[in-house]
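Colleague: Next comes the sequence, and after it the predicted model I'd like to discuss.
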Amino acid sequence: MKISILLFTLILSVATSFAQKEVKKSNSELKAELKRAKAEAIREIVKSKNFVFKAETVNPMNTRTKTLTSDFGIEVRNDTVFSYMPYYGNTYSRDYTTFKDSPMGFIQPVDTFTTKRTKKGYLVKIRVTNVHDVIDLNFHINLDGLATASASSINRQAISYTGVIIIPSPEEDSESENDKW
């Protein structure tokens, strides 16, 4: 009887020690998990039509690539585009009432918004119209968060930007919801 009780407690202690050990993941498994989570976050922000493109370089048509040192970007919020980007290039027609502002600095409602799934991410096409121009914005968003944005216009030479898509953290979302109330 004593042997069976002793054997039972020994088996029970060994079983609980195995159950308490955490299953450790390898670095490659952790990287794959993070990659999947980031891809899911990119999918969600493209689907919700709410994302921020932070530009790092600008690629004008006739000159070399320039690294941006200031904070430039394009923010898409449902039905409005907030663009605060520099413009380097030729202008074919100009609005002389706002000669100090960049033609890529605007807040305009979205005329059309289309998304298409590509092999490496998403293609988002947005068209905005202001008083003097129609601007087509094309975003090529990779699943890892890298992105390019190109802008073409009736009155100006095309320009492209490279940068990243900023994914808001859940804490920022909860804080902004609290700020509304």
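Modeller: Yes, it's here.
Colleague: for Arg77, what are its contacts?
Modeller: Going by C-beta atoms under 8 Å, 6 or more residues apart in numbering, Arg77 touches Lys49, Asn50. To be clear about C-beta, it is placed using only N, CA and C from the backbone, and glycine gets the same treatment.
Colleague: secondary structure class for the residue nearest to Lys25 when sequence neighbours are not counted?
Modeller: Excluding its sequence neighbours, the residue lying closest to Lys25 (C-beta to C-beta, 6 or more residues apart in numbering) is Glu33, at 7.4 Å. Following DSSP: H, G, I helix; E, B strand; the rest coil, we place Glu33 in the helix state.
Colleague: Now do Glu33 against Asn27, distance only.
Modeller: Distance, Glu33 to Asn27, using C-beta to C-beta, to the nearest Å: 11 Å.
Colleague: more crowded one of these two?
Modeller: The neighbour comparison of Glu33 against Asn27 (other C-beta atoms under 10 Å) goes to Glu33, with 11 against 7.
Colleague: And the pLDDT at the more buried one?
Modeller: What the model reports as pLDDT for Glu33 is 86.
Colleague: Repeat that for Lys38.
Modeller: Looking at Lys38, its pLDDT reads 88.
Colleague: neighbours of it, just the number please.
Modeller: Using other C-beta under 10 Å, Lys38 is surrounded by 16 other residues.
Colleague: could you say what helices and strands the one helix or strand it maps to packs with?
Modeller: Using DSSP states H and E, Lys38 sits in helix 27-48. If contacts are counted by 3 or more C-beta pairs under 8 Å, 6 or more residues apart in numbering; DSSP states H and E, helix 27-48 sits against strand 121-129, strand 134-142.
Colleague: Repeat the analysis, applying 10 Å as the threshold.
Modeller: strand 50-60, strand 66-77, strand 105-117, strand 121-129, strand 134-142, strand 159-166 (3 or more C-beta pairs under 10 Å, 6 or more residues apart in numbering; DSSP states H and E).
Colleague: Contacts only, for Lys119.
Modeller: Lys119 makes contacts with Leu143, as judged by C-beta atoms under 10 Å, 6 or more residues apart in numbering.
Colleague: about what we covered before: ok, which of the helices and strands packed on helix 27-48 comes nearest Ser93?
Modeller: The closest of those to Ser93 is strand 134-142. By C-beta to C-beta, the value is 11.9 Å.
Colleague: Relative to that closest one, what are the paired strands and their orientations?
Modeller: Using DSSP bridges, strand 134-142 pairs in its sheet with strand 121-129 (antiparallel), strand 146-153 (antiparallel).
Colleague: hey, which of those strands is tucked in deepest?
Modeller: Of all the strands paired with strand 134-142, strand 146-153 has the most neighbours on average by mean count of other C-beta atoms under 10 Å, namely a mean of 20.
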